[in-house]
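Q: with the input below, show me the fold.
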Amino acid sequence: MDAIQLLKADHKLVKRLLAELTETSERATKKRTLLLQEIQIDLSVHTTIEEELFYPAIKAAGKKQETKMYFEALEEHRAVEELVLPDLLSTDAGSDSFSGRAKVLRELIEHHADEEESKMFKDAKALMSKEQLRELGAQMAQRKQELLDKRT
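A: Numbering: from 1, shown residues only. From the prediction side, this is the model:
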């Protein structure tokens, strides 16, 4: 699996989990809590492999446009990891606030993933060979597994 395929699979999973989360009712507190825990782990692992491996590879292979995308993507990660997600994690899962905050998280993640897929991944395909993308994908898969193993 190449780097882009791996990241797209992650995007698909997190989007599905977020859709499921935002469709829950205030009475589904246990389900909300479990979904949010899974989302938090998946996002943490995903952003780590992007920031450690994928983004630097694109930045190194590219020019000014890729450097700009690199820093924008980092800021989007920071907004989710340091602001929106912690706020949601500290919100009562049975509250109306939870629903609104979950929706905002979903919208931010979907925007970020869609932007990566339409711009950054397109650039990656143009800047890197299929072999480079496969090698990067293997490194990312290995790092992803290491991170998941630490959590269990």
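
Q: how close does the residue lying farthest from the centre of the chain get to residue 99?
A: The outermost residue of the chain relative to its centre, with distances by C-alpha atoms, centre = their mean, is residue 27 at 27.3 Å. With distances taken as C-beta to C-beta, to the nearest Å, residue 27 is found 12 Å from residue 99. Where you see a C-beta, it was placed from the backbone N, CA and C, and this is true even at glycine.

Q: please name the residues that touch the residue farthest from the centre of the chain.
A: Residues in contact with residue 27, defined by C-beta atoms under 8 Å, 6 or more residues apart in numbering, are residue 94.

Q: where does pLDDT dip in the chain?
A: Applying pLDDT under 70 to the chain flags residues 152.

Q: ok, which stretches of it are helices?
A: In the chain, the helices defined using DSSP state H lie at 3-22, 29-49, 55-61, 64-78, 85-89, 96-115, 121-127, 130-151.

Q: would you turn these into CSV with mean neighbour count?
A: Listed next are the helices of the chain as CSV, based on neighbours: other C-beta atoms under 10 Å:
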stretch, mean neighbour count
helix 3-22, 17
helix 29-49, 17
helix 55-61, 17
helix 64-78, 15
helix 85-89, 16
helix 96-115, 16
helix 121-127, 16
helix 130-151, 14
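
Q: CA atoms of stretch 142-151 as PDB?
A: Taking Å, rounded to 0.1, in the frame of the first residue of the first chain, the C-alpha atoms of stretch 142-151 are listed here in PDB:
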ATOM      1  CA  GLN A 142       5.300   0.400  10.300                       C
ATOM      2  CA  ARG A 143       5.200   3.600  12.400                       C
ATOM      3  CA  LYS A 144       1.400   3.400  12.600                       C
ATOM      4  CA  GLN A 145       1.700  -0.100  14.000                       C
ATOM      5  CA  GLU A 146       4.300   1.000  16.500                       C
ATOM      6  CA  LEU A 147       2.000   3.800  17.700                       C
ATOM      7  CA  LEU A 148      -1.000   1.500  18.000                       C
ATOM      8  CA  ASP A 149       1.000  -1.100  19.800                       C
ATOM      9  CA  LYS A 150       2.000   1.500  22.500                       C
ATOM     10  CA  ARG A 151      -1.700   2.100  23.100                       C
END
